[in-house]
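In: This is the structure alone, sequence omitted:
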């Protein structure tokens with residue numbers, strides 16, 4: 001498996017201006033649209049890609065939740081996964097780090113590679 005870079009080069013101004021918004025995106029995923037609009041801030045876009053992969057994961061688990069047997073398993077698992085990834089993402093963004101989320105972060109960087117500073 002190829003290694004993806006964990007971050008682009010971020011200026012301190014980019015980090016400072018996007019910290020709060022990036023942290024909020026992990027808690028309220030609909031806000032992910034705002035960093036996507038901020039095409040000039042690569043730090044905000046990095047965290048937007050990470051949140052997008054969290055949303056894809058949650059939607060995928062929700063589809064499995066339609067099957068009655070999986071409701072008892074998928075519901076709690078998806079809640080724990082979402083909370084875990086959200087806490088990690090919030091901590092990373094508040095601390096000015098651009099670290100991929102464990103397990104799923106690499107997919108966010110691959111699948112949403114087109115979401116870059118333009």
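Out: All right, it came through fine. Treat the numbers as computed from the prediction; the structure is a model and nothing was measured.
In: so residue 111 touches residue 56, yeah?
Out: Yes: with contact defined as CB atoms under 8 Å, residue 111 reaches residue 56; the gap is 7.4 Å. For glycine as for every other residue, the C-beta is placed from the backbone atoms N, C-alpha and C.
In: Tell me the buried residues in the helix or strand encompassing residue 60?
Out: Element membership for residue 60 (DSSP states H and E) is helix 42-64. Going by neighbour count (16 or more other CB atoms under 10 Å), the buried part of helix 42-64 is 42-54, 57-58, 61.
In: Repeat that for stretch 107-115.
Out: Going by neighbour count (16+ other CB under 10 Å), the buried part of stretch 107-115 is 107, 108, 109, 112, 115.
In: Just give me the closest of these to residue 9.
Out: Residue 9 has its nearest neighbour among the buried residues of stretch 107-115 in residue 109, at 15.3 Å by CB to CB.
In: which residues touch the closest residue to residue 38 other than its chain neighbours?
Out: Nearest residue to residue 38, sequence neighbours excluded (CB to CB, 6 or more residues apart in numbering): residue 44, at 4.7 Å. The contact partners of residue 44, by CB atoms under 8 Å, 6 or more residues apart in numbering, come to 14, 17, 18, 21, 22, 35, 38.
In: Quick check: chain neighbours aside, which residue is closest to residue 70?
Out: Nearest non-adjacent residue to residue 70, counting by CB to CB, 6+ apart: residue 64, 4.8 Å away.
In: The one you found reaches residue 74, doesn't it?
Out: Yes: the pair residue 64 / residue 74 is scored as a contact, 4.9 Å apart, by CB under 8 Å.
In: what's the lowest-pLDDT member of the contacts of residue 44?
Out: Among those, residue 35 carries the lowest pLDDT, at 63.
In: Can you find the helix or strand of this protein with the lowest average pLDDT?
Out: In the chain, no helix or strand scores lower on mean pLDDT, DSSP states H and E than helix 33-37, which sits at a mean of 67.
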